[in-house]
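Enquirer: any chance you can model this:
(chains A, B, C, D and E)
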Amino acid sequence: MPEDKIAVYFCHCGSNIAGKVDVEKVTAWAAEQPNVVVSREYKYMCSDPGQDLIKEDIQKLGVNRVVVAACSPTMHEPTFRKAASDAGLNPYLLQMANVREHCSWVTEDKDEATEKAKRILNAQIHRLPFNEALDPIEVPVNPAVMVVGGGIAGIEAALKLSATGKKVYLVEKQPSIGGHMAMFDKTFPTLDCAACILTPKMSAAGKDPNIELLAYSEVEEVDGYVGNFKVKVRKKARYVNTDTCTGCAACLEACVVRKVPSEFDQGLGKRTAIYIPFPQAVPLRATIDAEKCLTLKGKKCKQPCTTACGPQAIDFEQQDEVLDFEVGAIIMATGFELWDPTPETRYSYGQLDNVITSLEFERISNASGPTGGHIVLKNGEAPKSVAILHCVGSRDENYQEHCSRVCCMYSLKFSHLIKEHLPETEVYELYIDMRAYGKGYEEFYKRLMDEGVHFVRGRAAEVSSVALSPEEEGRLVVKVEDTLLGIVRRIPADMVILSSGLAPAKDAKSVAQTFGFGCSANGFYLERHPKLEPVSTVTDGIFIAGCCQYPKDIPDTVAQAGAAAAGALALVDNPTVKVEPTVSYIDPEKCCGCHICVSVCPHTAIQYNEEKGVAEVITAACKGCGVCVAACGSNVPQQAGYLDDQIFAEIEGAMAL
Amino acid sequence: MTELATTPQAKALHEQFCRDVMSMPGGEKIKICQQCGTCTGSCPTSYLMDWGPREIIAAFRAGMIDRVVKSNTIWLCTSCYYCTVRCPAGIKITDLMYELKRMAIKYDLVPKDSKNPAMTKIFVDSVHRHGRNHEVELMTRFMLAKDRGLPFKYWQVGLKLFAAGRLPLAAKNIRGRDELDKISAYLDAQEAKSQ
Amino acid sequence: MSDQFEPRLIGFLCRWCSYNGADLAGTARLKYPPNMVPIKTNCSGRIDPTHILKAFKEGADGVLIAGCHPGDCHYINGNYRTAGRYPLMEKLLEQMGLEHGRVRLEWVSAAEGEKFQHVVTEFTEQIRALGPLGWGEQFHDESAESEEATKEAVPV
Amino acid sequence: MTDKFKFAMYWAGSCGGCEISVLETGTKILDVDANFDVVFWPAAADFKYKDVEAYDDGFIDLCLFNGCVRNSENEYIAKLLRQKSKVLVAFGSCATTGGIPGLANLASAQEIKDLVYRDNPSLDNPDGVYPQEHYAVPEGELDLPHMYDTVKTLAQTVDVDYFMPGCPPESHQIAGVLDVVITALKGEGPLPAKGATIGVAPKTCCDECKRVKEEKKISSFRRIWEFLPDPEKCLLEQGVICMGPATQAGCGARCTSVGMPCRGCYGAPEGVIDQGAKMLSTVASIVDAPTPEEIAEIAASVPDPVGTFYRFGLADSLLRRAKV
Amino acid sequence: MRYLYYPGCSAEATGKGYDASARALMEKLGVSLVELDDWNCCGATSYFSVRELDSFAIAARNLAIAQQMGDDELCVICNACYTTLAKANRYMAEDPKVFAAVQGALGAVGRTYDGNVKVRHIMDILINDIGLEEFEKHVTRRLTGLKVAPYYGCQFSRPMGAFDDVQMPTTMDRLFEATGADVITDFDAKTDCCGGMMMLTREDAALRLCHELLVAARQGGADVIVAACPLCEINLEAYQPRVNKFFGTDFDIPVMYFTQLAGLALGVDPKQLAIDKQVVSCASVLAAIPA
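Expert: I've put the predicted structure just below:
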């Protein structure tokens, strides 16, 4: 072993550090410490001349350990490690002492700051002899990408990736891609027709030779790690041969079960047991609803669908298939669920007719919807007054604390659509705060005020059918405090639209678990960093886009989908990926096979080898938390870069002064 | 209108109120009221209030304690708990109303024309005398104290109930009625000790 | 500097949340006492109770462990392990005669610079009030005592 | 005296179990006799301290020292035997890590005396008589050794060549060690490196334990008398605190094979500097509950952490003793 | 089955019918109600205005007696008593300071309470302990065709929410559906406030609330309103003529305690249910029920 030759560099950071810490004093003191062969100070260590100091000392003085006392390692550790590396020193033999964020900037007194800087520096001087040279771990990367969820986010991400020539598997659990956006009529604030902008993308995705569409399918199991995921996908039986089915819909005409509430129409319209969810569906293939089909339920049926089907595509014997895929990256775009307002009983959803959710209104106002785009009540008449209630199930500790972000704007859109179809109808928007934060949104809000919509600042207290005046007779009444007036109003309405919040999908938590990342407190997928890595998850190689991360509108969703695609591409476009070497490793000579590390590993990166009777770390799956090290009763797993000896030495160094 | 809050006494009172309210279970939630109006909108009697519960919370937060206690709001609360179960911020508004009532009585800030404190007092008095509330006594004493016109309004109702045997004149006394006095005396002593 | 007791503290900070929270306190120039030296690990779940004992042995008067809020752990649930070890550790230290409060567990997110400032300030004062621990020192006198006793007490 | 090697064994602060376990080696004891002259072994042969004092330095070839250093007499003899022995072995848990007597480090010497001579409920001592270190009788002055506040291991007192843990060390391990030493003394083989732990097996107790080990996620702790543990399954998985994962192998997992959890007498495995803290970490890490609060609550339900995790190792732990 | 029973102050006066019918109904169902010995006022809402702790402490005196009687379930009929007693229990459990103060106060009168008595609304017992299936077995006179407006009142499940939804309770609906009655399940005002004690202090406000309730009941076509609280019942029933006078209406809707109507369905003698003591005649209801 060559002797330890430590070099200390103390950065002034202009006056950021030097203004508080007596740099000369600390540098002179450091020079006296064991193993330190050179101790220097410099105005800006991160500048090129600063970095050159390090390189020169490594090359000329044979320095083999370096500590840079400067800013937070988050800031410049990569910079200095690269400099060391350029000079031929293993980058992991360089440590940073954070004397700016943790010392000069937070300490009032100069003497105290100087003393603290010494202690912080000394911890690293003590640590360095225990540092080992580490090499980044390289693993091969599978260039294919899986996108989970076929809404606008998933479609967009798949198309972007396919354009770079990558193979994409697009998994969608419904029979057709399109997601929620396919149900919408118009989009705010531009009032583009949702179908007009979405369907071309859907069909492009359907035809794209690089995209393999796995509709009516769900991911069952995810194994592997960054660059090398193994995914099991269950392709549910459609009972229709999708290779031969042409989507002609003749079977739909023939089916005798005709009154199944259509999921796509939010139950407002009906479909048949064999169905295509909507005319622009991609893939345009029929699916048999096994719970409704008489034949599949074992009841008598003459099977007119089979007769009607020219290509003989119907196959009652079809079974689910479980397929295996190998991909290098995964994009999660599993979307949201509309919050079901049934528990909010005071709004009488499900109790009183004409109290509807926003998604139901989307279908009612949609030209291809169950009412042909006529905004009508259950009895077919046009409403004379409509109240739109904001923040239903949002911003509420009893239900969901978060703001759902899109409800204010889609509510304004509804007002506009009602005014457009029924100019004489009174529209009331009952809101707490009007959040019109996007491009063109505030202008849209003003436009709606101008169109004569009544804005009432107050959260609706209840929706009732009890009439206390002739005007209220036979109508719904919304009780609300107009907080700007300080009076309680009874607003008679024929239709009440509940602007329900966006909720995480019911299975979000279990899905996240399957893929090995977490959910935030509000139930949406947890991003790696809320500011700087909003499309990554803690699992390397798995990205998120769209409303599964948090409620967002279409432009934000599309932008995020692009970012996720770029993130995935940046990964799979390389033949290999480097993984941080601060991972755990297990010496099989010492492991007793007790399974404790296997039990605590949050990323299932430790597996038990039955044959050898020992635990083994899957290096590429290990994220370097070190939980196994602390949990093992005999310290067998060790984490490179965070060895016990290194931590002990830091403690000794910090406490030595 | 000069706000009482500008005087030193008012400031001291406000601080006292803040301490009391913040120390009630869940009291600190008042800070996160988003002024949505669900409470006032849900309140069956808010139309009679000079300030609704929402405005009371706003006034409280603004330090306008006189507005809080001099309004009739707290005396119109029927304890129906609609506001409490609906509040999206989880504020126990009914409990807050009780707390404010107590403080108004404690610091003698009750509006002169309010009948409620008298009702409360007679009720408590009746319970302490008998151990239970004697409805006939309660009504009679209340009429005598606050609303002598009441018998004229209600003689028909009263007569019917009386005829049905639903207004017994004699009060029942429980055996342990002195216990209630002792309980109050104990709590009085504890309160005095803590101050 | 005044004569008051200056506690010597070690702070174990997880790299993703609390270390960044401490950085944020710095970026925001929030001032707090200089008594604590931070030590970074990737996850608070890496902190072994041995590290805490080691810190006391080396002369620390108090040890802070700071990690991500539950649910926000970069490693899904590494901080749950910390949450489990901490109370048992506290119980052990109490048996060892350490005053309650010499070890403290806090959840500090990357966004909570102010909380970090507050926690360190409060913790410093808390330990200052408890006084010096001086673990190593309690063994010194005894070795002298034993030298002397050895000479005269043993029947020869 | 013959030209056989010289053997000594001493019993300091301990129960005597170590001495018994040497005899438990059975016919192996004949090897000792064949190869060694016993020159000091208070439990087995009549030698006086002054005999030992008279030996030349390094006269004794092998000295097995069992028991902790509890008082001035222990310390004196430890130093004396160190001086007179070529190979000094800390023999058994007490000499190695303080053992059960090490738990006395939770109190001071005075507190212990008070408990024994003043506060013990079954005590009949109306005059409050305490033992005196010096006491004059007509025949002369009587002296008792001075009892220390802190129980020490042998290595905390003198330089030790080898450590042989166990409470007591298993007889088959003793036999093995004797073989190695005899072979080495005869010049036919090497001695282990100085400072080594001998008479142990590689890995931890779990390695020797035959129970089936699977994932460990426990939601409550149970003591062994509270239920009938599954005889095939890992005890820790059944909520019983078993020190196996943090204990050096060597005993053959005797306790767990009869349904009792490992108490940790073989000490910390290689690479672990504090057995108790390590095991505490292990136990707390495998608690499984949905929220950190619940996890904390379950973990904190472990009774008597020091007594559980430091049953044999308190004197040798990082903190060594409770605050005085 | 056996429960301790807390009638509440009104049971001795205006609410006699509730008490009588509750006892008769439970007897019919084979449940024995043992009246709590020497019970005192629950510490109702007025007490909260004087001092919260007084309210908790005098409520707890009842619970202490229950504990002393060796039972841990207390059946309560009045909504307000139920809320006050249950709330005292909950606050004692949640706040150690409250618990300590109440313990002290009870100690001053030589009583103790450990916090283990469960306060149960009679409806809770009917639905969850006896069960609808068992209840339905006892129905001898089905209320077929009778339009029943189930009026829960405010403090029925609010704010406790222990056995029914806080905002939209349904237990009473289900109970009367089991009798074959035509329950107005969308009775929108079913948990709105009747005005309570304000009938004396702010008559105008209280009458208005009663008016709204009666409007809603009529809108639903109610033949009878059933109530679960003496105060609700008296306000809706006895003050109906005042409402009519005030608002120029002509309401004449029978109002009964739900225990009275349920008792009728079980074939209990109307006299035993004190139906003759109702102020608004229930003749139309009796006539509608087949013998």
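Enquirer: use CA for all of it now, contacts and neighbours both
Expert: OK.
Enquirer: select the longest helix from chain B.
Expert: Assignment by DSSP state H gives helix B:177-194 as the longest helix of chain B.
Enquirer: that helix and chain E in contact?
Expert: Yes. Part of helix B:177-194 sits near chain E under the criterion C-alpha under 8 Å from any C-alpha of the partner chain, namely B:177, B:179-180, B:182-184, B:186-187.
Enquirer: residues touching residue 57, list them.
Expert: Using chain A. A:Asp57 makes contacts with A:7, A:63, as judged by C-alpha atoms under 8 Å, 6 or more residues apart in numbering or on different chains.
Enquirer: to clarify, I was referring to chain E.
Expert: With the criterion set at C-alpha under 8 Å, 6+ apart, E:Ala57 makes contact with B:183, E:88, E:102, E:105-106.
Enquirer: same question, A:Ser262
Expert: A:268-271, A:277.
Enquirer: 6 Å instead?
Expert: Neighbouring residues of A:Ser262 by C-alpha atoms under 6 Å, 6 or more residues apart in numbering or on different chains: A:269-271.
Enquirer: can you check D:Leu235 too?
Expert: Contacts of D:Leu235 (C-alpha under 6 Å, 6+ apart): none.
Enquirer: and the gap between it and chain B?
Expert: According to C-alpha to the nearest C-alpha, to the nearest Å, D:Leu235 and chain B sit 44 Å apart.
Enquirer: which SSE is the residue in the stretch 101-250 of chain E that chain C sits nearest to in?
Expert: Taking C-alpha to the nearest C-alpha as the measure, the stretch 101-250 of chain E has E:Ala101 as its residue closest to chain C, at 27.8 Å. Using DSSP states H and E, E:Ala101 falls within helix E:96-108.
Enquirer: cool, and A:Cys408?
Expert: A:Cys408 belongs to helix A:407-421, assigned by DSSP H and E.
Enquirer: ok now that helix, how far from the chain's centre?
Expert: 28 Å (C-alpha atoms, centre = their mean, to the nearest Å).
Enquirer: same check, this time on stretch A:399-408
Expert: Centroid separation between stretch A:399-408 and its chain, computed with C-alpha atoms, centre = their mean, is 17 Å.
Enquirer: now that stretch: mean pLDDT?
Expert: Throughout stretch A:399-408, pLDDT has a mean value of 96.
Enquirer: ditto for stretch E:164-183
Expert: Stretch E:164-183 comes out at a mean pLDDT of 93.
Enquirer: just the buried positions in that stretch, please.
Expert: E:164-169, E:171-183 (16 or more other C-alpha atoms under 10 Å in any protein chain shown).
Enquirer: just stretch A:188-198 next, same as before
Expert: A:188-189, A:194-195, A:198.
Enquirer: list just the nearest of those residues to A:Pro261.
Expert: Using C-alpha to C-alpha, A:Ala195 comes nearest to A:Pro261 of the buried residues of stretch A:188-198, at 21.8 Å.
Enquirer: so that closest one, which of the three states?
Expert: helix (DSSP: H, G, I helix; E, B strand; the rest coil).
Enquirer: could you export stretch A:212-230 as CSV, CA atoms only?
Expert: Coordinates of each C-alpha in stretch A:212-230 appear next as CSV, following Å, rounded to 0.1, in the frame of the first residue of the first chain:
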residue,chain,number,x,y,z
GLU,A,212,-46.6,-2.6,-30.6
LEU,A,213,-50.0,-1.9,-29.2
LEU,A,214,-51.0,-4.1,-26.2
ALA,A,215,-54.6,-3.0,-25.7
TYR,A,216,-56.8,-4.7,-23.2
SER,A,217,-53.7,-5.7,-21.3
GLU,A,218,-52.2,-5.2,-17.9
VAL,A,219,-48.7,-5.4,-16.4
GLU,A,220,-48.6,-8.2,-13.9
GLU,A,221,-45.0,-8.3,-12.8
VAL,A,222,-41.8,-6.3,-13.2
ASP,A,223,-38.4,-7.7,-12.6
GLY,A,224,-34.9,-6.5,-13.4
TYR,A,225,-33.4,-3.1,-13.2
VAL,A,226,-32.4,-0.1,-15.2
GLY,A,227,-31.6,-1.1,-18.8
ASN,A,228,-32.8,-4.6,-18.2
PHE,A,229,-36.4,-4.8,-17.1
LYS,A,230,-38.4,-8.0,-17.6
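Enquirer: which parts of chain B sit against chain A?
Expert: B:36-38, B:41-42, B:88-89 (C-alpha under 6 Å from any C-alpha of the partner chain).
Enquirer: chain E contacts on chain B?
Expert: B:80, B:98, B:101-102, B:115, B:120, B:131-133, B:157, B:164, B:166-167, B:174, B:179, B:183, B:186.
Enquirer: what does chain A give?
Expert: So far as C-alpha under 6 Å from any C-alpha goes, chain A lies against chain E at A:345, A:466.
Enquirer: got the domain ranges for the chain?
Expert: Just so you know, I chose chain A. Chain A breaks down into these domains under automatic domain parsing: A:6-134, A:149-229+A:322-335+A:514-572, A:237-319, A:337-503, A:580-640.
Enquirer: was after chain B, sorry
Expert: If you go by automatic domain parsing, chain B breaks into B:8-106, B:116-194.
Enquirer: most tightly packed of those domains?
Expert: domain B:8-106 (a mean of 20; mean count of other C-alpha atoms under 10 Å in any protein chain shown).
Enquirer: work out the gap between that domain and the centre of the chain.
Expert: 11 Å.
Enquirer: can you give me phi and psi for the closest residue to C:Met96 other than its chain neighbours?
Expert: For C:Met96, ignoring the flanking residues on the chain, the nearest one in space by C-alpha to C-alpha, 6 or more residues apart in numbering or on different chains is D:Ala322 at 4.1 Å. Phi and psi for D:Ala322, reported as degrees, to the nearest 10, are phi -70, psi 160.
Enquirer: I'd say D:Ala322 and C:Gln95 touch.
Expert: No. Contact criterion C-alpha atoms under 6 Å: D:Ala322 and C:Gln95 do not qualify, at 7.3 Å.
Enquirer: ok, back up a step: tell me which two of the contacts of E:Ala57 sit farthest apart.
Expert: Applying C-alpha to C-alpha across those, the maximum distance is between B:Ile183 and E:Ala88, 15.1 Å.
Enquirer: what's the closest non-adjacent residue to D:Asn74?
Expert: D:Ala12 (5.6 Å).
Enquirer: burial of the one you found, as a residue count?
Expert: D:Ala12 is flanked by 22 other residues according to other C-alpha atoms under 10 Å in any protein chain shown.
Enquirer: got a list of what it touches?
Expert: Shown in contact with D:Ala12 (C-alpha under 6 Å, 6+ apart): D:67-68, D:74.
Enquirer: phi and psi next, for it.
Expert: The phi/psi pair for D:Ala12 (degrees, to the nearest 10) is phi -100, psi -130.
Enquirer: tell me the confidence at it?
Expert: At D:Ala12, the pLDDT value in this model is 96.
Enquirer: can I get the residues of helix B:177-194 next to chain E in a markdown table including distance to E:Asp188 and pLDDT?
Expert: As requested, the residues of helix B:177-194 next to chain E are exported to a markdown table (distance: C-alpha to C-alpha, whole Å; pLDDT from 0 to 100):
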| residue | distance to E:Asp188 | pLDDT |
| --- | --- | --- |
| B:Arg177 | 42 | 85 |
| B:Glu179 | 43 | 91 |
| B:Leu180 | 41 | 89 |
| B:Lys182 | 45 | 91 |
| B:Ile183 | 42 | 90 |
| B:Ser184 | 41 | 89 |
| B:Tyr186 | 45 | 92 |
| B:Leu187 | 43 | 89 |
